[in-house]
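# take a look and give me a structure for this.
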Amino acid sequence: MSFAVQAACVCPESAKAAVRRGADELLIRFHAEPPLAAQLAADITVYCRLRGVVTVLDLSHAHTDKTLPDSYGVLRACYRAGLDAALVADIGVLRMVRAEAPDALIHWLGVHSSSGLRFASDAGCSRAVLAPYSRLTEDSLTSRGGGKLQLQLPIYSRGCLSSASVPCFLSGPRCARACEKPYGYANKADSTPLSAPAIDLLARGPNLARSGIDVFGVDAYPCTPEENAYVVKVARDALAGKGYRPEKKESLSQELRREDENAPEPPRVAVRFLFKLQHALPAGIAADDYCGHTEYTAGPEPADTPEHFLSEAEYNMRLRNHCAPPFFCKDAKSEIDGALAIPGADFARMKADVLAKLHQARVAPPERAPGHFNPGVHIYPRRDDPAVTVHLTRADQLTPDLAELMPERLYLPLDEIVKAPQRVRQAADKGVTAVAFLPRVITDDEQPGVAESLQKARALGLREAAVSHPCHIAVAANAGFAVRADFCVSNSQTLRELRRMGALSALLSPALPLAAVRELSHVLDTELLIYGRLPLLLSEACLIRKNGNLCNCDGRTALVDKRGEYYPVVRESGHRSLLLGASKLWMVKKRAWKRAGLWAARLFFTTENARECVQVTERHMGRGRYEPNRHDTGFYFMEQ
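Got it, this is the predicted structure:
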C-alpha cells in the first residue's frame, strides 16, 4: 500500500510547513508579479529538490495570449531549477509545456470519465487528477486509460459546485468565490445554494489508501503555514489509519505551530557513510543518498596512536549522530587498519564537508534537454463579416420561421434532437445544417446513452457535433462526426492544437475582450457569443431540486441575489443545472465584433420562446427592431 500526499503552497513559508509535516509533493501556485513569482517558485523548487519532494507547477488557470508569456517565464525558471511536473487543464498550455520543458512530466486536471483517462494517456500525460464528482468504474481505474497513468484524487479542499468541464464566470474572468454570496429562491436572498460543502474525505482514509489511488491531494484554505501543517498532518494520519477528529483542529493547529517554532527540521534524506583509515593514505569519508549521488572528502593521514584509538563501532556511532538537516544516517560502515586514528575535530570537519558536497549535488540543476517554445506564425483575422449561427436549448424553439432565416449553423442539444426528430428533418429540408451539441459532462454511466443518441442523430443526416471538452472529441469522431470545439478557447495555442486534432471551428471565451479576440492567431474558424444569457456556472448538483426538494427539471426557476437580480436556472443532462446571467448579452449596436476576424457570431437562446428566437435572429441579420428589456455587453469591452 504505497501512496503520496500532495499539498498546495503559495509562498515559501507554506511550502516549508507542508514539507516539515510529511508532504511528498508540492503544488506550487503563484499570485505575485511574474519576475517575483518566477524567483519564488524556483526557490521552492530548489528547497524541495534537496529534500526529495516532488514539485508540480500549477498552470491550470485560464491563459490568454497576454498572460501565456508570463506563465512560460515562470515555467522556464522552475524547469532550470529542477521542476518535476506541471499541472494543466488546457491543451494549448499542454503544448507550451511540452515544448518549453520537454523532460518535465505533465498532469491533466479534471478527469471525470474513462474517455478523460484515455485522452490524458494519448496526450502523453503521466498523471490524471480526478474530479471530486467523477464516477469512474473499477475497470476504468484498473485500465488507467490504456496506459501507465498515475491517478490523483483531491481529499481535502474547498468545495465548488462548478463542473471542471465548463469554466465558471460567476465572478467574472477570475474566480472571486461569488458562489459564497447570499442567493435564494422566491425573492429572498437568504441562503447560499451555490456554496458547496468542503471536500473532506479524510474520515475514509484507510479505505482510500487501499483504493489504488497513487496520490492524494490536500488544498488548505487559507493556504497559511499553520493551515498547511495541520492539513498535511491529519491527512497522513488518516490515510495511515490513525483516525481523524475534525473537532480537534484548533488545538492541533496550535500544537503544531509551537512545535514548528521550537523543533529542528525533521530528517527526510537517508544517507549511508563509508569511513576508511589506511596506512600512508589520507583518511576518507564517502556518502551516498540512495538516489545516485555519491560524494567523497579526504582528511589528514591517520597516526598510529593507541591512546586515541576508536573502534569501528565507535566511528559508526559518530557517523550516525548529529547529521545536519535534512539528512539522517541510515547505514554506516568503518574500515580501520590497526590502531590508526585521527583527531575528533578533523573527523567532524570531514563529515560536515561530505554532507555539504551532497547538499550541493542534490540542489544542482539537472542536466536536461533544453526547451524552446515556438508560438507559431501569427495568422491575421479574416476581414469579411461573420455569419450568424443559432444555438437553441429546447426543440420547441426550432420553428419553420427560424429555419427560413437560414443561419450558418443550428446547434441543438443531442437529447433534444432525439426527442424531436421531425423538427430537425424539417429544418434540414430547408437547407439548414444542424449540429448535435453533446452534453457538457459525460460520465461512464452516461456514455452508452450518448453513443446511442449519436447514432440516431447520424441516421437523421447530422454530420457535425459540438463538444465541450477535449476528451469528447474522440467520442464524436468515433461516431463518424466532424467536430466543432465549444469549450471557451482563450489563447492561440489552443486554436493550434484544435486544428491539429481536426476541429472545424472553435468557440472563443466570452471573458475575452474584443481587442484580445482580434489579436488572436486565427488558425481556425472562430465563433463568439454575441447574444444571450451567459452560462455562468454548470452545477453538478441539481439547483432546481434544491428549490423545495422537488425535481421538476423541465420547469423554470431562478436565483435572486441581494440586489434583486434574477439568475435563471435551466436543466442540463444528468440532473445538472446551468446558471445563466441576469441580463442578456446584446451587441447589435456595437459594430466592433464584426471587425474581430470571426467566422461566425453565435446567438444563444435559453429562456426565450420561439417567437423571440425569430425576432432576435432577424435583428442580427439586419431586419426588424427587436431589443431586449435588459441587456449589457458582457466582458467584451473590459480592459485586459
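# I'd like the average pLDDT over the longest helix along the chain.
Ordering each helix of the chain by length in residues (DSSP state H) puts helix 344-363 first. For helix 344-363, the mean pLDDT works out to 94.
# can you name every helix or strand that that helix contacts?
Helix 344-363 is packed against helix 34-51, strand 269-277, strand 284-288, strand 294-298, helix 312-320, with contacts defined by 3 or more C-beta pairs under 8 Å, 6 or more residues apart in numbering; DSSP states H and E. Where you see a C-beta, it was placed from the backbone N, CA and C, and this is true even at glycine.
# just give me the neighbour total for Ala451.
13 (other C-beta atoms under 10 Å).
# and it, what is it in contact with?
For Ala451, the contacting residues are 475, 479, by C-beta atoms under 8 Å, 6 or more residues apart in numbering.
# list the buried residues of the helix or strand hosting it.
Under the criterion of DSSP states H and E, Ala451 resides in helix 447-459. By 16 or more other C-beta atoms under 10 Å, the buried positions in helix 447-459 come out as 449-450, 453-454, 457.
# now that helix, how far from the centre of its chain.
30 Å (C-alpha atoms, centre = their mean, to the nearest Å).
# what does stretch 526-539 give?
22 Å.
# tell me how many other residues surround Arg409.
Neighbours of Arg409 (other C-beta under 10 Å): 22.
# hmm, Thr389 and it touching each other?
Yes. Counting by C-beta atoms under 8 Å, Arg409 does reach Thr389; the two are 4.3 Å apart.
# and the next helix or strand past the longest helix of the chain?
In the C-terminal direction, the helix or strand that comes right after helix 344-363 (DSSP H and E) is strand 387-391.
# please name every helix or strand in contact with that following strand.
Contacts defined by 3+ C-beta pairs under 8 Å, 6+ apart place strand 387-391 against strand 410-413, strand 600-604, helix 610-620.
# again, only using 6 Å
For strand 387-391, the packing partners by 3 or more C-beta pairs under 6 Å, 6 or more residues apart in numbering; DSSP states H and E come out as strand 600-604.
# so for the strand it packs on, what gets flagged as buried?
Neighbour counts over strand 600-604 (16+ other C-beta under 10 Å) mark 600-604 as buried.
# rebuild those residues as JSON lines, extending it with pLDDT.
Output for these, formatted as JSON lines (pLDDT from 0 to 100):
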{"residue": "Ala600", "pLDDT": "96"}
{"residue": "Ala601", "pLDDT": "96"}
{"residue": "Arg602", "pLDDT": "97"}
{"residue": "Leu603", "pLDDT": "97"}
{"residue": "Phe604", "pLDDT": "97"}
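# then the longest helix of the chain to PDB, C-alphas only?
Only the C-alpha atoms of helix 344-363 are listed here, as PDB (Å, rounded to 0.1, in the frame of the first residue of the first chain):
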ATOM      1  CA  GLY A 344      38.000  14.300  16.500                       C
ATOM      2  CA  ALA A 345      37.800  17.800  15.100                       C
ATOM      3  CA  ASP A 346      39.200  16.600  11.700                       C
ATOM      4  CA  PHE A 347      36.600  13.800  11.700                       C
ATOM      5  CA  ALA A 348      33.800  16.200  12.400                       C
ATOM      6  CA  ARG A 349      35.000  18.600   9.600                       C
ATOM      7  CA  MET A 350      35.200  15.700   7.100                       C
ATOM      8  CA  LYS A 351      31.700  14.600   7.900                       C
ATOM      9  CA  ALA A 352      30.400  18.200   7.500                       C
ATOM     10  CA  ASP A 353      32.300  18.600   4.200                       C
ATOM     11  CA  VAL A 354      30.900  15.400   2.700                       C
ATOM     12  CA  LEU A 355      27.300  16.400   3.700                       C
ATOM     13  CA  ALA A 356      27.900  19.900   2.200                       C
ATOM     14  CA  LYS A 357      29.000  18.300  -1.100                       C
ATOM     15  CA  LEU A 358      26.000  16.000  -1.000                       C
ATOM     16  CA  HIS A 359      23.800  19.000  -0.400                       C
ATOM     17  CA  GLN A 360      25.300  20.800  -3.500                       C
ATOM     18  CA  ALA A 361      24.900  17.700  -5.600                       C
ATOM     19  CA  ARG A 362      21.200  17.400  -4.800                       C
ATOM     20  CA  VAL A 363      20.300  21.000  -5.500                       C
END
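# closest one of the buried residues of helix 447-459 to Arg144?
In terms of C-beta to C-beta, no member of those lies closer to Arg144 than Val450, at 22.1 Å.
# OK, contacts around the closest one?
Applying C-beta atoms under 6 Å, 6 or more residues apart in numbering, we find Val450 in contact with Ile442.
# give me the pLDDT value at Cys551.
pLDDT, Cys551: 57.
# ok, now Arg499?
pLDDT for Arg499: 96.
# and if you look at the one 4 residues further on?
At Ala503, the predicted lDDT confidence score is 97.
# and if you look at His31?
70.
# that one in helix, strand or coil?
Following DSSP: H, G, I helix; E, B strand; the rest coil, the label given to His31 is coil.
# what comes up buried for stretch 228-243?
Per 16+ other C-beta under 10 Å, stretch 228-243 contains these buried residues: 228-239.
# contacts for it?
Contacts of stretch 228-243 (C-beta under 6 Å, 6+ apart): 5, 7, 14, 17-18, 21-23, 156, 202, 205-206, 209, 218, 220, 244, 253, 256.
# go on, stretch 422-442?
Identification of contacts with stretch 422-442 by C-beta under 6 Å, 6+ apart yields 113, 163, 165-166, 395, 398, 403, 409-411, 413-414, 417, 450, 457, 460-462, 464-468, 472, 538, 573.
# how long is that stretch from one end to the other?
Terminal residues of stretch 422-442 are spaced 26 Å apart (C-alpha to C-alpha, to the nearest Å).
# rounded mean pLDDT for that stretch, please.
For stretch 422-442, mean pLDDT rounds to 95.
# could you identify the longest strand within the chain?
The longest strand of the chain (DSSP state E) is strand 525-539.
# contacting residues around that one?
Contacts of strand 525-539 (C-beta under 6 Å, 6+ apart): 161-163, 166, 168-170, 440, 505-508, 510, 577-581, 584-585, 587, 593, 598-604, 606, 616.
# right, I'll call it a day here.
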